[in-house]
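> would you be able to build a 3D model of this:
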Amino acid sequence: MKEQDLLNLGFQRFEQDDEDDKFYYYSYDLKGESGGGSLLTQADDEVVDGEWFVYGWDINENLRFESSEDVETYIKVLEKNIRE
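Numbers count the residues shown, from 1 in each chain. Predicted coordinates:
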């Protein structure tokens, strides 16, 4: 998926700017709550041919999405069923 797809899905961009390490990535917290399930992308310096992927960082490290449609469906199903 493209970077614009991530923005359209509501992902937020985060900058990492250490002395020798500068990069950015995107994150989405389910229901906008940190710790309740986060989706992350790889760092921009790991993107190949402009194609980003999303993985379930604190859900399951092997959970990986490569299409924006799958990410959108996943978010909708989980957020619909998270009880307050």
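> quick check: the closest residue to V54 other than its chain neighbours vs D20, distance?
Once flanking residues are discounted, V54 sits nearest to F65: 4.5 Å by C-beta to C-beta, 6 or more residues apart in numbering. Where C-beta positions appear, they are placed from N, C-alpha and C, glycine not excepted. To D20, F65 is 30 Å away according to C-beta to C-beta, to the nearest Å.
> more neighbours: the two, which one.
Neighbour count, other C-beta atoms under 10 Å: between F65 and D20, F65 has more, with 20 against 4.
> quick one, phi/psi of that one?
With angles defined as degrees, to the nearest 10, F65 sits at phi -120, psi 140.
> quick one: pLDDT of A43?
Looking at A43, its pLDDT stands at 96.
> my read: it touches F23, true?
Yes - counting by C-beta atoms under 8 Å, A43 touches F23, with 4.2 Å between them.
> need the overlap of contacts for these two.
Q16 (C-beta atoms under 8 Å, 6 or more residues apart in numbering).
> which helices and strands sit right next to the strand ranked longest in the chain?
Using DSSP state E, we find that the single longest strand of the chain is strand 22-29. With contacts defined as 3 or more C-beta pairs under 8 Å, 6 or more residues apart in numbering; DSSP states H and E, strand 22-29 has these neighbours: strand 12-17, strand 38-41.
> how about that strand: buried residues?
Using 16 or more other C-beta atoms under 10 Å as the test for burial, strand 22-29 gives 25-29.
> likewise stretch 3-12?
If you call a residue buried by 16+ other C-beta under 10 Å, then stretch 3-12 has these buried ones: 3, 5-6, 9, 11.
> perfect, that will be all.
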